[in-house]
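Asker: Structural data only, the sequence is not supplied:
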């Protein structure tokens, strides 16, 4: 039995559904004794594998004393893991360290990354140095998570953005592009908590007095999220940088097409889920991109969109099994055992990923 300690605590009602579903999958996986995070467990209990998701959370804090205490505990934890031979596994949610962190936080995270034994990547396009062992575990879908929620019929002409509102997500660009569309039958719904009031004010300023633009600046619970997504003909996620996005899979899990940046990750996702579900734009989003994608969603061409996107490769039972295998490989590496490394292979053209 492999004992695994995660970097996230016991899930709460506001916890990212990805984490909640992953915790459930790991609790059900054979050969795994899974525990959620506490400093007491990390510093007193012997574990085989420590699995980190966003390690920056463990070295940050709202106040100076709290942040300093976490940093000391973090350093002690990593040293303890090194001494007792614990394998450190990290899911690569982001390719780079967060912006705006202190030099101490940056140094601790760089040190932690240096001692990481194994990495889990969420798609085939994540580029890592050749010497870093890794396993591919696709980001699971949200169909089961939203199964009991009431859906809405799509509102003709409704575009929607749903999720936490951050500068890098390009929401201001979406509002500006939408306003350039003259059709009074169109509408735009933006739902989510802005990172600060300045961003909220900027969005209101871009929207001006356009009655077609509606904001809901607040935490969006599951019922509100399902309503906002399913009322849309098209979900638009104009992120300036998109590598792994739960927002895309949220929309697809609720059977709504999405418009996202044109990059390798999203092109492969479009092939995976089938025609008509993932629409792409290049460079910065503009009104023509919105108009073109909406027309494509409504088109009844020779290649019709299936009733639902194909998310068969993203079952959580598979994710649980794949994580267990990644832990086995990480532990073998930490103990110096021979283990065959197989990096994720690019999907061939037409491959159903």
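Answerer: Nice, thanks for sending it over. Please read all numbers here as calculations on a predicted model, not as lab measurements.

Asker: Tell me which stretches of the stretch 151-300 of the chain form helices.
Answerer: 171-179, 197-207, 222-230, 246-253, 264-273, 287-298 (DSSP state H, counting those that start in this stretch).

Asker: tell me how far the longest one is from the chain's mean position?
Answerer: Helix 287-298 has its C-alpha centroid displaced from the chain centroid by 25 Å (Cα atoms, centre = their mean, to the nearest Å).

Asker: Taking helix 171-179 as reference, get the angle to it.
Answerer: Interaxial angle of helix 287-298 relative to helix 171-179 (axes from the mean of the first three to the mean of the last three Cα atoms, to 10 degrees): 80 degrees.

Asker: from here on, count from 212
Answerer: Sure thing, new numbering starts at 212, so read that last one as helix 498-509.

Asker: Next secondary structure element downstream of helix 498-509?
Answerer: Next in sequence after helix 498-509, counting helices and strands by DSSP states H and E, comes helix 527-545.

Asker: Could you list the buried residues of that following helix?
Answerer: Within helix 527-545, the residues scored as buried using 16 or more other Cβ atoms under 10 Å are 527, 530-535, 537-545. Placement of C-beta: from N, CA and C, glycine included.

Asker: on that earlier part again, so which of the helices of the stretch 362-511 of the chain has the densest surroundings on average?
Answerer: Stretch with highest mean neighbour count among the helices of the stretch 362-511 of the chain: helix 457-464 (a mean of 23; mean count of other Cβ atoms under 10 Å).

Asker: quick one, domains of the chain?
Answerer: Split into domains by automatic domain parsing, the chain comes to 213-351+526-545, 369-509.

Asker: May I see those arranged in CSV, with distance to residue 361 as well?
Answerer: Listed next are the domains of the chain as CSV, based on distance: least, Cβ to Cβ, whole Å:
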stretch, distance to residue 361
domain 213-351+526-545, 17
domain 369-509, 7
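
Asker: coming back round to it: turn the helices of the stretch 362-511 of the chain into CSV, columns for mean pLDDT and distance to residue 300.
Answerer: Listed next are those as CSV, based on pLDDT from 0 to 100; distance: least, Cβ to Cβ, whole Å:
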stretch, mean pLDDT, distance to residue 300
helix 382-390, 98, 33
helix 408-418, 97, 34
helix 433-441, 97, 29
helix 457-464, 96, 20
helix 475-484, 95, 22
helix 498-509, 96, 38
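
Asker: Include distance to residue 447 when you put the ones you listed into CSV, please.
Answerer: Formatted as CSV, the helices of the stretch 362-511 of the chain follow (distance: least, Cβ to Cβ, whole Å):
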stretch, distance to residue 447
helix 382-390, 6
helix 408-418, 14
helix 433-441, 11
helix 457-464, 9
helix 475-484, 13
helix 498-509, 7
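
Asker: Ok, which of the ones you listed comes nearest residue 303?
Answerer: In terms of Cβ to Cβ, the element of those nearest to residue 303 is helix 475-484, at 12.5 Å.

Asker: Which secondary structure elements does the closest one sit against?
Answerer: Contact analysis of helix 475-484 by 3 or more Cβ pairs under 8 Å, 6 or more residues apart in numbering; DSSP states H and E lists helix 457-464, strand 489-492 as its packing neighbours.

Asker: Kindly reformat those as CSV and extend each row with distance to residue 262.
Answerer: Converted to CSV, the helices and strands packed on helix 475-484 look like this (distance: least, Cβ to Cβ, whole Å):
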stretch, distance to residue 262
helix 457-464, 18
strand 489-492, 29
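
Asker: re the thing from before, specify which member of the buried residues of helix 527-545 is nearest to residue 431.
Answerer: Nearest to residue 431 among those, with distances taken as Cβ to Cβ, is residue 527, at 22.5 Å.

Asker: Just say which of the domains of the chain is most tucked in.
Answerer: domain 369-509 (a mean of 18).

Asker: Stretch 328-340 spans what distance, first to last residue?
Answerer: 13 Å (Cα to Cα, to the nearest Å).

Asker: let me fix that: stretch 437-456
Answerer: So stretch 437-456: terminal residues 17 Å apart, Cα to Cα.

Asker: just checking, what packs against the longest helix along the chain?
Answerer: Using DSSP state H to define each element, the chain has its longest helix at helix 275-295. With contacts taken as 3+ Cβ pairs under 8 Å, 6+ apart, helix 275-295 sits against helix 250-255, helix 267-270, helix 314-325.

Asker: go again using 10 Å as the cut-off
Answerer: helix 250-255, strand 260-263, helix 267-270, strand 298-302, helix 314-325 (3 or more Cβ pairs under 10 Å, 6 or more residues apart in numbering; DSSP states H and E).

Asker: Redo these as a markdown table? Include mean pLDDT and distance to residue 492.
Answerer: Converted to a markdown table, these look like this (pLDDT from 0 to 100; distance: least, Cβ to Cβ, whole Å):
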| stretch | mean pLDDT | distance to residue 492 |
| --- | --- | --- |
| helix 250-255 | 97 | 43 |
| strand 260-263 | 98 | 33 |
| helix 267-270 | 94 | 30 |
| strand 298-302 | 97 | 28 |
| helix 314-325 | 95 | 33 |
